[in-house]
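*Asks:* Provide a 3D model corresponding to the input given below.
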Amino acid sequence: MNTPDSAGLSSTQVETSRSLHGSNRLSAKANQNLKIIRDVVTEPMILLLVATCTFYFILGNVSEGIIMLGAIILVSGISVFQQIRSEKAVNALHKLTSQRTLVKRDGVDQKLPSEELVVGDLIYLSEGQQVSADAIIVSATDLSVDESILTGESVPVVKNNAGEPLFSGTSLVGGMAWATVTAVGNQTKMGGMGILMDSITKEKTPLQKQVDHFVKQMAVAGILAFVVVCVVNYLKSHIIIAALLNGLTMAMAILPEEIPVALSTFMALGAYRMLKKQVLVKHPQTIEALGAATVICVDKTGTITENKMQVSEIFVWKNRQLVKPESELADELIKVAMLASEAEPFDPMEKAIHASWNLRNNETASFQVIKEYPLGGIHPMMTHVYQESNGSRIIATKGAPEGILQKSNLKASEMETIQKSLKEMAARGHRVLAIGVGIYESESLPENQDAFTFEFLGLLALNDPPKANIPEIISGFYEAGIAVKMITGDYPDTAAAIGRKIGLQNSDEVLTGNAIDKLTDEELTLRLKTVSVFARVIPENKLRIIQLLKASGEIVAMTGDGVNDGPALKAAHIGVSMGKRGSELARSASSLVLINDDLSGMLAAVASGRTIYKNLKNAIRYIITIHLPLISIVTLPLLLGWKFPELFTPIHVIFLELLMGPTCSIVFENEPAHGNEMHEPPRKSTVSLFTWRELSYSLLQGAIIGGIILSMVYVAMLQGYNENICRTLAFTALVISNMLLTLTGRSDSMPFLESLKRKNKLVPIILSITTLLLIILLTVPAAMNLFGFELP
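*Replies:* Numbering: from 1, shown residues only. Sure thing, here's the model as predicted:
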């Protein structure tokens, strides 16, 4: 591919273009903060508060009406603050995923955020990249583009001619190109069609569905209770507004509006916390799946290994000798391997080959490339055709030994000798390439490299050792009850050797892509239970493995970084891409990015996912427990015909709600990990949020608290205390119970006194504020009068 002579736009031209054509951003959806405010003010609890406030003013209870108006502002403000805080956390994560594009400006190649592209920019695109703006090709080599996002057609489109269009949002699945930007932002084809990813409705996770179902059930219960209380109260008082107020008090007590807020807060802030561990969670819902992951499928190169390759040994076929890379006997083979590589290599294998060639101080200036055949085929190989200055032609190829050997006209005995050397090299954990020279008599070159016959030159082994921390990471997954499967395109013996080095279970049993193709789904599902190493696997095999694991009930995480990993990454419950070496297509398809390409981040992510899920469960159990005595105090005195049937009014209920909201969504979210998260098996995704035993315990706790408080009130009534004193007693007891529940509910797996030793800086703050407010309500005359309190 010819590099354009143009220096690109100058800085002045960039500013002029931006002022004329705008920035490379699609129109944002309606102001997110306004949407949050609109959603909050239409929440059931806010609507109940508005109705209550209205009734107070109708009755002439101006003080109570003003208090309720203040409560509306305060409750709305807290909800808006929490949701905007969550939204900011998510937006910060999205900014980190924005792609960068190589642009030539002022004669200098520079990588810029794609939002900074302007019309007229000269950009370079390569395999795995997403096109960030509409453009026309200046020059291209073996370019194929996935335009399915625009056309729905899954077959890539070949585009190699200057002037052919490229569209924003499409992806390069092969080749490379220089192109000139013709449209940005809303002027692109995608912008014109109104394709906005943010407008796509995301399917709710099982946990979100469970929470929604529970809240809806409680809302129905609240409506029924509202009707019953209104009717009973009206029959006793014949005052419709008073009856409605009592009904609203009951509805407010029943409605657990804190739960949805807690869920969204936990997920968004959890994702933000993971960023500190170099793990980018693109979709907060992924956290739910992290806590339940049962299988992780990892690729070998760069994830398990260092991806810092060196040529380690060479089998020279002509001499039938295994030699060191620096041996003169390897000169010809290294030269051909280098010619079969990119001139400016990105791939670590090709970098290693170039480094080995450069040590020889040889020149290749007389070689002119006339045809490139990109990496491809079931057994991948790539071929470059060169013209020498004397007019002769060299066809250099390198790739999978299986692919080159089957086109090399070798005798059975010769194949046996080569296979023996290949197995020995692979058994040492080396990645092995075959090197050959193509034979083709015709002057016109074929369209496909499969048309060549090859003269086999030998085998080139590259050493790519496992990262030092990988055995410990693999052990950590096993201890957490998570199966690990290594899926690679490498040679089977190489994969098995690496598997043994890192401690993979059953690593001597290797299943190849060819073997996978011959198995039925039922047979492969059985093999997946025991096999941990998969070799010579193609993308279709990966996708099938992921789909069958999911079908058998596993929660699957998969790592990938290549263009062809996209389908499998999307199919997995948790698609994991690499931040440094992952292609943009892989990052786009994934739900989680390991920023430093370190698999230990995945281990930390699973631990965080489990911690967040545990804390969320504790928060919801707290909400259920504290709501039950509140409902009891509002309901039972009325239904049982007590002397003081209306101990709590909406003012009391909303004050208690203001205490419960921050406690469940801030205190519990800030709870540290217990330390045993990765020593337990994964939770089953099919199991509901609570077992019947856990729910029964929360209900029993709430019933006991409610029973004790009502017993205290009943005894006070019998002793002749008035309604205000009984109300003060009930309210104080419930606030103290709330404080105790905050302390006892922080952990469901350790003793109470031990849980107190766990540091959570928000606990003393919330408890201090609660205590201060209670003291004010019980000592300041104006507050006592407003709440109807009186001390004995």
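
*Asks:* Secondary structure of Lys759: a helix, I assume?
*Replies:* No: in this structure, Lys759 is coil, not part of a helix, as judged by DSSP: H, G, I helix; E, B strand; the rest coil.

*Asks:* That one and Val211, how far apart?
*Replies:* Distance from Lys759 to Val211, counting by Cβ to Cβ, to the nearest Å: 29 Å. (C-beta placed from N, C-alpha, C; glycine too.)

*Asks:* roughly how far is stretch 670-681 from the heart of the chain?
*Replies:* For stretch 670-681, the gap between its own C-alpha mean and the chain's C-alpha mean amounts to 20 Å (Cα atoms, centre = their mean, to the nearest Å).

*Asks:* Regarding that stretch, how distant is the last residue from the first?
*Replies:* Using Cα to Cα, to the nearest Å, the end-to-end distance of stretch 670-681 comes to 23 Å.

*Asks:* Neighbour count for Lys759 and Val211, which is higher?
*Replies:* It is Val211, of Lys759 and Val211, that has more neighbours when counted by other Cβ atoms under 10 Å, with 21 against 8.

*Asks:* Assign Ser685 to helix, strand or coil.
*Replies:* Recorded secondary structure, Ser685: coil (three-state DSSP).

*Asks:* I'd say it and Glu554 touch.
*Replies:* No: the pair Ser685 and Glu554 fails to qualify as a contact (Cβ atoms under 8 Å) at a distance of 9.4 Å.

*Asks:* Of the two, which one has the most company?
*Replies:* More crowded of Ser685 and Glu554, by other Cβ under 10 Å: Glu554, with 22 against 18.

*Asks:* Am I right that that one is in a helix?
*Replies:* No: counting by three-state DSSP, Glu554 is not part of a helix but coil.

*Asks:* Next up, the contacts around it.
*Replies:* Glu554 makes contact with Thr294, Val295, Ala483, according to Cβ atoms under 8 Å, 6 or more residues apart in numbering.

*Asks:* same thing with Ile620?
*Replies:* With contacts defined as Cβ under 8 Å, 6+ apart, the neighbours of Ile620 are Val211, Ile259, Ala262, Cys664, Leu689, Phe690.

*Asks:* Roughly how far does the first one sit from Pro260?
*Replies:* Between Val211 and Pro260 the computed distance is 6 Å (Cβ to Cβ).

*Asks:* Residues that sit against both of the two, list them.
*Replies:* With contacts defined as Cβ under 8 Å, 6+ apart, no residue is shared by Val211 and Pro260.

*Asks:* Quick one: mean pLDDT over stretch 671-683.
*Replies:* The average pLDDT for stretch 671-683 rounds to 85.

*Asks:* ok, Thr520 - how many residues close by?
*Replies:* For Thr520, the neighbour count with other Cβ under 10 Å is 8.

*Asks:* what does Ile595 give?
*Replies:* As a measure of burial, Ile595 has 15 neighbours, counting by other Cβ under 10 Å.

*Asks:* all helices of the stretch 551-700 of the chain, in order?
*Replies:* Counting by DSSP state H, counting those that start in this stretch, the stretch 551-700 of the chain has these helices, from start to end: 566-571, 584-589, 600-639, 650-662, 692-718.

*Asks:* pLDDT on the third one, on average?
*Replies:* On average, the pLDDT along helix 600-639 is 88.

*Asks:* Show me how far it is from its chain's centre.
*Replies:* Centroid separation for helix 600-639 versus its chain: 24 Å, with Cα atoms, centre = their mean.

*Asks:* burial measure for the residue nearest to Val80 when sequence neighbours are not counted, as a count.
*Replies:* In space, Val80 comes closest to Val40 once its chain neighbours are excluded; the distance is 5.3 Å by Cβ to Cβ, 6 or more residues apart in numbering. Other residues within reach of Val40 by the criterion other Cβ under 10 Å amount to 21.

*Asks:* Adjust the sequence numbering to begin at 223 for everything that follows.
*Replies:* Sounds good: first residue 223 from here, last item Val262.

*Asks:* Let me know the pLDDT of Val262.
*Replies:* 72.

*Asks:* now it: how far from Ile876?
*Replies:* Distance, Val262 to Ile876, by Cβ to Cβ: 15 Å.

*Asks:* re earlier: wait, which of the helices of the stretch 773-922 of the chain is closest to Ser614?
*Replies:* Taking Cβ to Cβ as the criterion, Ser614 comes closest to helix 806-811 out of the helices of the stretch 773-922 of the chain, the separation being 39.3 Å.

*Asks:* model confidence over that closest one, on average?
*Replies:* Per-residue pLDDT values across helix 806-811 average out to 72.
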